[in-house]
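J.: 3D, please:
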Amino acid sequence: MEQEKNIDALLIKSDKEWIQYVKGRIIGLLIGMGMISGFLLGVFLGRGLHEAFTNVGDVIIFAVLFMGQIIVILLDIYRIWRNVGQKLIVDKTGIKVKIWFYEKKYKWDDFKVRQLRINLGKYCYDEGVFFAVCKHQPRQSSNCELFPIRYPFGNFCINFKMHRLILASPKDGIYINGEIMAAEKEELLSKLKEWGVDFETERPKNFDIFQDKKGRLQSRRNGIAWILLAAAIWLLLLIFIVYPIFIWKNPVLIAIFIPFFIALVPVYVVVTSRKSYRLKMDEKGCIRKFLFLSKRYLWKDLRVKLVASEESHCGEGVLFIKKKSGNSSSASETFSYASLHPYSSFVLNFEVFGKRYGEKDALHEISKELFLEKMKEWGVEVEGLPKEE
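T.: As a prediction, this is how the structure comes out:
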């Protein structure tokens with residue numbers, strides 16, 4: 001980080017070592033794009049110009065493949081160069097950005113998001129600051145690596161210097177002795193404080209994510225990875241049972257595949273019953289959703305019980321148990337009860353407002369304040385609440 005001459009400003013840019021490395025990567029991507037384009041064009045024209053251009057389907061397929069690979073590579077080049085090759089001039093009025101031939105000044109009041117984060121990118125920096133003029137915030141469990149593609153302008157990451165080798169390519173084990181868009185933490189924060197720039201060091205209350213468009217109470221959406229994993233396991237189960245029995249009709253193959261099917265069943269149950277579902281609640285009852293499947297439980301058929309949770313940040317959650325004839329509260333009904341009874345019980349975790357940016361959310365998270373308020377409004381009894389005096 002260098003200081004601008006005669007101006008109370010800070011110039012933030014990547015070191016020359018990183019610029020040279022990135023230029024090499026971009027050249028490699030451009031060469032790869034040329035080779036792929038040449039290959040596609042060779043395959044396309046190899047069928048003969050007359051045949052190729054009279055077959056509309058081939059033209060469309062070629063155009064989609066050609067344009068798709070160009071767009072992907074160009075977006076990757078933009079993301080790489082933007083994160084490393086830009087220059088930021090930070091002063092008391094705002095941030096001036098310079099990248100390629102683009103130059104623009106943003107005032108501090110323009111930034112809707114000002115965060116101190118511990119999860120900015122993939123280059124092993126412990127923490128830094130993030131600014132964005134849009135209202136959308138990066139997910140707390142993810143970094144800001146792909147944010148510039150979704151929002152190309154008006155968002156900037158500034159790393160805090162590590163003063164050590166930075167891992168540039170985990171695959172190739174390449175380390176570079178240089179910093180990427182980094183500043184000295186104490187110096188930058190001191191200047192920003194002097195200029196009256198404040199930060200969101202804790203997450204604000206946001207009840208909107210816990211209510212859908214119909215006004216129903218809902219748990220926070222889980223990561224897409226759990227849903228994709230559940231779908232993949234479901235597909236494998238289908239293959240292991242359908243192909244041997246109905247397609248191949250081979251007793252030997254059936255005997256081979258059945259153990260795989262049996263082994264996957266408990267994994268599928270855990271993933272779908274514990275990780276991948278989402279809950280929606282209204283005055284009638286609770287809906288448990290997984291992919292395109294859903295099941296409704298009426299409140300009269302459910303017991304709602306506050307329990308200690310090893311997954312929640314505040315250590316507390318809620319257990320839903322399907323009522324059975326004669327069942328009553330027992331010491332065994334803990335948070336892990338849902339693991340042993342996956343189809344007759346499920347859980348929610350209470351969110352802690354004020355978590356620091358970068359902390360991961362718990363699965364099936366919901367606002368305790370909002371949840372208890374709605375339960376009271378709908379007349380649902382919640383076991384474990386302290387008695388009102």
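
J.: What strand or helix carries L348?
T.: strand 345-351 (DSSP states H and E).

J.: show me where the stretch 151-300 of the chain has strands.
T.: Per DSSP state E, counting those that start in this stretch, the stretch 151-300 of the chain carries strands over the ranges 155-160, 166-169, 174-176, 182-183, 217-218, 278-281, 285-290, 293-298.

J.: Walk me through which strands the strand holding L348 pairs with, and which way each runs.
T.: Sheet pairing for strand 345-351, assigned by DSSP bridges, gives strand 316-322 (antiparallel), strand 365-367 (parallel).

J.: rewinding a little: and the strands of the stretch 151-300 of the chain, which one averages the lowest pLDDT?
T.: Note on those: lowest mean pLDDT is at strand 166-169, with a mean of 77.

J.: Pull the residues that contact that one.
T.: Identification of contacts with strand 166-169 by C-beta atoms under 8 Å, 6 or more residues apart in numbering yields 18, 21, 123-125, 173-180. Bear in mind the C-beta positions are built from the backbone N, C-alpha and C, glycine included.

J.: And stretch 173-192, by the same measure?
T.: In contact with stretch 173-192 (C-beta under 8 Å, 6+ apart) are residues 1, 10, 12-18, 21, 83-84, 86, 88, 90, 121, 123, 125, 127-129, 157-162, 165-168, 199.

J.: okay, the angle between the strand holding L348 and strand 293-298?
T.: In terms of direction (axes from the mean of the first three to the mean of the last three C-alpha atoms, to 10 degrees), strand 345-351 departs from strand 293-298 by 90 degrees.

J.: mind saving the C-alpha coords of strand 345-351 as PDB?
T.: Extracted in PDB, the C-alpha atoms of strand 345-351 (Å, rounded to 0.1, in the frame of the first residue of the first chain):
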ATOM      1  CA  SER A 345     -39.600 -36.100  14.200                       C
ATOM      2  CA  PHE A 346     -37.500 -33.200  13.000                       C
ATOM      3  CA  VAL A 347     -35.600 -30.200  14.400                       C
ATOM      4  CA  LEU A 348     -34.900 -26.500  14.000                       C
ATOM      5  CA  ASN A 349     -31.900 -24.500  15.300                       C
ATOM      6  CA  PHE A 350     -32.300 -21.000  16.800                       C
ATOM      7  CA  GLU A 351     -30.300 -18.300  15.200                       C
END
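
J.: that older thread, now the contacts of stretch 173-192: which count as buried?
T.: Among the contacts of stretch 173-192, those classed as buried by 16 or more other C-beta atoms under 10 Å are 1, 10, 12-15, 18, 21, 83-84, 86, 88, 90, 121, 123, 125, 128-129, 157-161, 166, 168, 199.

J.: one step back: mind putting the strands of the stretch 151-300 of the chain in a markdown table, distance to F371 included?
T.: Formatted as a markdown table, the strands of the stretch 151-300 of the chain follow (distance: least, C-beta to C-beta, whole Å):
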| stretch | distance to F371 |
| --- | --- |
| strand 155-160 | 33 |
| strand 166-169 | 42 |
| strand 174-176 | 48 |
| strand 182-183 | 41 |
| strand 217-218 | 7 |
| strand 278-281 | 8 |
| strand 285-290 | 11 |
| strand 293-298 | 16 |
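
J.: Show me the one of these that comes nearest G32.
T.: G32 lies closest to strand 166-169 among those, at 15.4 Å (C-beta to C-beta).

J.: what lines up beside that closest one in the sheet?
T.: Going by DSSP bridges, the partners of strand 166-169 are strand 174-176 (antiparallel).

J.: Give the buried residues for the strand it pairs with.
T.: I176.

J.: what's the answer for stretch 304-312, then?
T.: So for stretch 304-312, counting by 16+ other C-beta under 10 Å, buried means V304, K305, L306, V307, S309, S312.

J.: doesn't G317 make contact with the fourth one?
T.: So that's V307. Yes - using C-beta atoms under 8 Å, V307 makes contact with G317 at a distance of 6.0 Å.

J.: what is in contact with these two at once?
T.: By C-beta under 8 Å, 6+ apart, the residues touching both V307 and G317 are F335, V347.

J.: average pLDDT across the strand holding L348?
T.: Rounded mean pLDDT across strand 345-351 is 89.

J.: tilt between it and strand 285-290?
T.: Going by the same axes, to 10 degrees, strand 345-351 makes 90 degrees with strand 285-290.

J.: can you pull the buried residues of strand 345-351?
T.: So strand 345-351, judged by 16+ other C-beta under 10 Å, has buried residues S345, F346, V347, L348, N349, F350, E351.

J.: Next, the nearest residue to R82 once chain neighbours are set aside: secondary structure please.
T.: Spatial nearest neighbour of R82, excluding adjacent residues (C-beta to C-beta, 6 or more residues apart in numbering): P148 at 5.2 Å. Under DSSP: H, G, I helix; E, B strand; the rest coil, the three-state class of P148 is helix.

J.: Let me know the closest of the contacts of strand 166-169 to V380.
T.: Distances from V380 to the contacts of strand 166-169, taken by C-beta to C-beta, are shortest for Y125, at 46.1 Å.
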